[in-house]
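K.L.:
model this:
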Amino acid sequence: MKIWNEKPLKSEVKKVVKEFFKLLKAGELERAKHIIAHQYEDWDSQLYSLWQDTYLIYLEYRDREVEDDSFEGQLWRKDLRWLKKLQLVDVFKWGNEEGEYVEENDWFNVPINYAGETTDVTAEFRVDKKDGHYFIVRETMNVL
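P.N.:
Model (predicted):
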(Lines give C-alpha, C1' and ligand atoms only; values in the text may rest on other atoms or scores of the structure.)
Protein backbone atom coordinates (compact mmCIF):
# COMPACT_ATOMS: atom_id res chain seq x y z
CA MET A 1 0.00 0.00 0.00
CA LYS A 2 1.28 3.43 -0.90
CA ILE A 3 1.87 5.56 2.20
CA TRP A 4 2.98 9.18 2.35
CA ASN A 5 4.68 10.81 5.35
CA GLU A 6 3.41 14.24 4.30
CA LYS A 7 0.28 15.48 2.57
CA PRO A 8 0.40 14.06 -0.93
CA LEU A 9 -0.09 16.05 -4.07
CA LYS A 10 -3.33 15.31 -5.89
CA SER A 11 -1.20 14.26 -8.85
CA GLU A 12 0.51 11.62 -6.67
CA VAL A 13 -2.85 10.28 -5.50
CA LYS A 14 -4.10 10.14 -9.10
CA LYS A 15 -1.03 8.14 -10.10
CA VAL A 16 -1.77 5.48 -7.45
CA VAL A 17 -5.45 5.26 -8.40
CA LYS A 18 -4.49 4.87 -12.05
CA GLU A 19 -2.10 2.06 -11.07
CA PHE A 20 -4.91 0.42 -9.07
CA PHE A 21 -7.10 0.38 -12.19
CA LYS A 22 -4.25 -0.76 -14.39
CA LEU A 23 -3.78 -3.79 -12.14
CA LEU A 24 -7.53 -4.38 -12.03
CA LYS A 25 -7.76 -4.31 -15.84
CA ALA A 26 -4.86 -6.76 -16.06
CA GLY A 27 -6.73 -9.18 -13.80
CA GLU A 28 -4.15 -8.82 -11.04
CA LEU A 29 -6.83 -8.69 -8.37
CA GLU A 30 -4.67 -9.40 -5.33
CA ARG A 31 -2.08 -6.79 -6.30
CA ALA A 32 -4.84 -4.26 -6.99
CA LYS A 33 -6.46 -5.07 -3.66
CA HIS A 34 -3.25 -4.35 -1.75
CA ILE A 35 -2.15 -1.14 -3.47
CA ILE A 36 -4.75 0.86 -1.50
CA ALA A 37 -6.73 0.45 1.73
CA HIS A 38 -10.42 -0.44 1.74
CA GLN A 39 -13.21 1.02 3.83
CA TYR A 40 -14.90 -2.37 4.17
CA GLU A 41 -13.92 -6.03 3.88
CA ASP A 42 -16.05 -6.33 0.75
CA TRP A 43 -13.52 -6.79 -2.04
CA ASP A 44 -15.33 -9.72 -3.68
CA SER A 45 -18.71 -8.00 -3.33
CA GLN A 46 -17.31 -4.85 -4.92
CA LEU A 47 -15.84 -6.81 -7.84
CA TYR A 48 -19.14 -8.61 -8.33
CA SER A 49 -20.99 -5.29 -8.23
CA LEU A 50 -18.57 -3.83 -10.76
CA TRP A 51 -19.12 -6.87 -13.01
CA GLN A 52 -22.90 -6.44 -12.75
CA ASP A 53 -22.86 -2.68 -13.28
CA THR A 54 -20.50 -2.74 -16.26
CA TYR A 55 -20.18 -6.07 -18.05
CA LEU A 56 -23.71 -7.41 -17.51
CA ILE A 57 -25.25 -4.07 -18.52
CA TYR A 58 -23.00 -4.05 -21.58
CA LEU A 59 -24.29 -7.51 -22.52
CA GLU A 60 -27.89 -6.56 -21.78
CA TYR A 61 -27.74 -3.69 -24.27
CA ARG A 62 -26.70 -6.27 -26.86
CA ASP A 63 -29.46 -8.76 -25.94
CA ARG A 64 -26.89 -11.19 -24.57
CA GLU A 65 -26.53 -12.77 -21.16
CA VAL A 66 -24.34 -15.13 -19.18
CA GLU A 67 -25.36 -18.59 -18.04
CA ASP A 68 -25.00 -17.82 -14.33
CA ASP A 69 -24.94 -14.23 -13.12
CA SER A 70 -25.08 -15.08 -9.41
CA PHE A 71 -22.43 -14.14 -6.90
CA GLU A 72 -22.14 -17.79 -5.93
CA GLY A 73 -21.55 -18.87 -9.55
CA GLN A 74 -18.25 -16.95 -9.46
CA LEU A 75 -18.21 -16.36 -13.24
CA TRP A 76 -17.17 -12.78 -12.48
CA ARG A 77 -14.02 -14.21 -10.84
CA LYS A 78 -13.39 -17.27 -13.01
CA ASP A 79 -13.29 -15.40 -16.31
CA LEU A 80 -11.50 -12.09 -15.84
CA ARG A 81 -11.54 -11.03 -19.48
CA TRP A 82 -14.34 -8.56 -18.67
CA LEU A 83 -11.88 -6.47 -16.65
CA LYS A 84 -9.87 -5.58 -19.75
CA LYS A 85 -12.67 -3.31 -21.00
CA LEU A 86 -12.85 -1.21 -17.83
CA GLN A 87 -11.79 2.36 -18.45
CA LEU A 88 -10.99 4.89 -15.77
CA VAL A 89 -12.12 8.31 -16.96
CA ASP A 90 -9.34 10.78 -16.18
CA VAL A 91 -11.74 13.20 -14.48
CA PHE A 92 -11.15 13.24 -10.74
CA LYS A 93 -13.84 15.10 -8.80
CA TRP A 94 -12.38 16.28 -5.50
CA GLY A 95 -14.39 17.16 -2.40
CA ASN A 96 -11.93 19.99 -1.91
CA GLU A 97 -11.28 21.44 -5.36
CA GLU A 98 -8.80 24.00 -4.05
CA GLY A 99 -5.07 23.52 -3.97
CA GLU A 100 -2.73 20.91 -5.33
CA TYR A 101 -2.37 18.98 -2.04
CA VAL A 102 -4.89 16.54 -0.63
CA GLU A 103 -6.29 17.34 2.79
CA GLU A 104 -6.94 14.69 5.44
CA ASN A 105 -10.25 12.88 4.78
CA ASP A 106 -10.55 14.58 1.39
CA TRP A 107 -12.78 12.45 -0.82
CA PHE A 108 -12.76 12.11 -4.56
CA ASN A 109 -14.50 10.03 -7.16
CA VAL A 110 -13.69 8.89 -10.66
CA PRO A 111 -16.12 7.73 -13.36
CA ILE A 112 -15.65 4.30 -14.91
CA ASN A 113 -16.56 3.55 -18.52
CA TYR A 114 -16.88 0.15 -20.12
CA ALA A 115 -15.78 -0.79 -23.64
CA GLY A 116 -15.71 2.87 -24.63
CA GLU A 117 -19.26 3.51 -23.40
CA THR A 118 -20.29 5.85 -20.62
CA THR A 119 -21.71 4.15 -17.53
CA ASP A 120 -23.25 5.31 -14.28
CA VAL A 121 -20.45 3.63 -12.36
CA THR A 122 -18.13 5.63 -10.16
CA ALA A 123 -15.25 4.67 -7.91
CA GLU A 124 -15.21 6.61 -4.65
CA PHE A 125 -12.09 7.13 -2.57
CA ARG A 126 -10.75 9.30 0.22
CA VAL A 127 -7.30 10.09 1.56
CA ASP A 128 -7.02 9.15 5.22
CA LYS A 129 -4.40 9.94 7.85
CA LYS A 130 -3.35 7.60 10.62
CA ASP A 131 -0.30 7.83 12.86
CA GLY A 132 1.00 10.74 10.80
CA HIS A 133 0.81 8.85 7.49
CA TYR A 134 -1.50 9.46 4.54
CA PHE A 135 -3.01 6.70 2.38
CA ILE A 136 -5.85 6.11 -0.08
CA VAL A 137 -9.01 4.31 1.00
CA ARG A 138 -11.44 2.82 -1.52
CA GLU A 139 -14.99 3.36 -0.38
CA THR A 140 -17.14 1.96 -3.21
CA MET A 141 -17.17 1.10 -6.91
CA ASN A 142 -20.76 1.10 -8.06
CA VAL A 143 -23.62 2.97 -9.68
CA LEU A 144 -24.24 6.34 -8.11
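K.L.:
so what's the residue nearest the centre of the chain closest to, chain neighbours aside?
P.N.:
For the chain, the residue sitting closest to the mean C-alpha position, by C-alpha atoms, centre = their mean, is residue 123 at 4.6 Å. Nearest non-adjacent residue to residue 123, counting by C-beta to C-beta, 6 or more residues apart in numbering: residue 141, 4.5 Å away. All C-beta atoms are positioned from the backbone trio N, CA, C, and that covers glycine.
K.L.:
average pLDDT for the helix or strand encompassing that neighbour?
P.N.:
Assigning secondary structure by DSSP states H and E places residue 141 in strand 133-143. Confidence for strand 133-143, expressed as mean pLDDT, is 92.
K.L.:
now do stretch 7-24: distance to the chain's middle.
P.N.:
11 Å (C-alpha atoms, centre = their mean, to the nearest Å).
K.L.:
identify each buried residue in it, please.
P.N.:
For stretch 7-24, a neighbour-count test (16 or more other C-beta atoms under 10 Å) marks 7-8, 10, 12-14, 16-17, 20-21, 23-24 as buried.
K.L.:
pLDDT on the longest helix along the chain, on average?
P.N.:
For the chain, the helix that runs over the most residues, judged by DSSP state H, is helix 10-25. Rounded to a whole number, the mean pLDDT of helix 10-25 is 97.
K.L.:
need the residues that contact it.
P.N.:
Taking contacts as C-beta atoms under 8 Å, 6 or more residues apart in numbering, the residues outside helix 10-25 that touch it are 2, 4, 29, 31-32, 35-36, 83-84, 86, 88, 90, 92, 94, 99-102, 108, 110, 123, 125, 127, 136, 138.
K.L.:
what about stretch 94-106, average pLDDT?
P.N.:
Mean predicted lDDT for stretch 94-106 stands at 89.
K.L.:
mind listing what's buried along it?
P.N.:
Applying a neighbour-count criterion of 16+ other C-beta under 10 Å, the buried positions in stretch 94-106 are 94, 101-102, 106.
K.L.:
so can I have JSON lines of those residues showing distance to residue 55 and secondary structure?
P.N.:
Compiled in JSON lines, the buried residues of stretch 94-106 are given as follows (distance: C-beta to C-beta, whole Å; DSSP: H, G, I helix; E, B strand; the rest coil):
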{"residue": "94", "distance to residue 55": "28", "secondary structure": "strand"}
{"residue": "101", "distance to residue 55": "36", "secondary structure": "strand"}
{"residue": "102", "distance to residue 55": "31", "secondary structure": "coil"}
{"residue": "106", "distance to residue 55": "31", "secondary structure": "strand"}
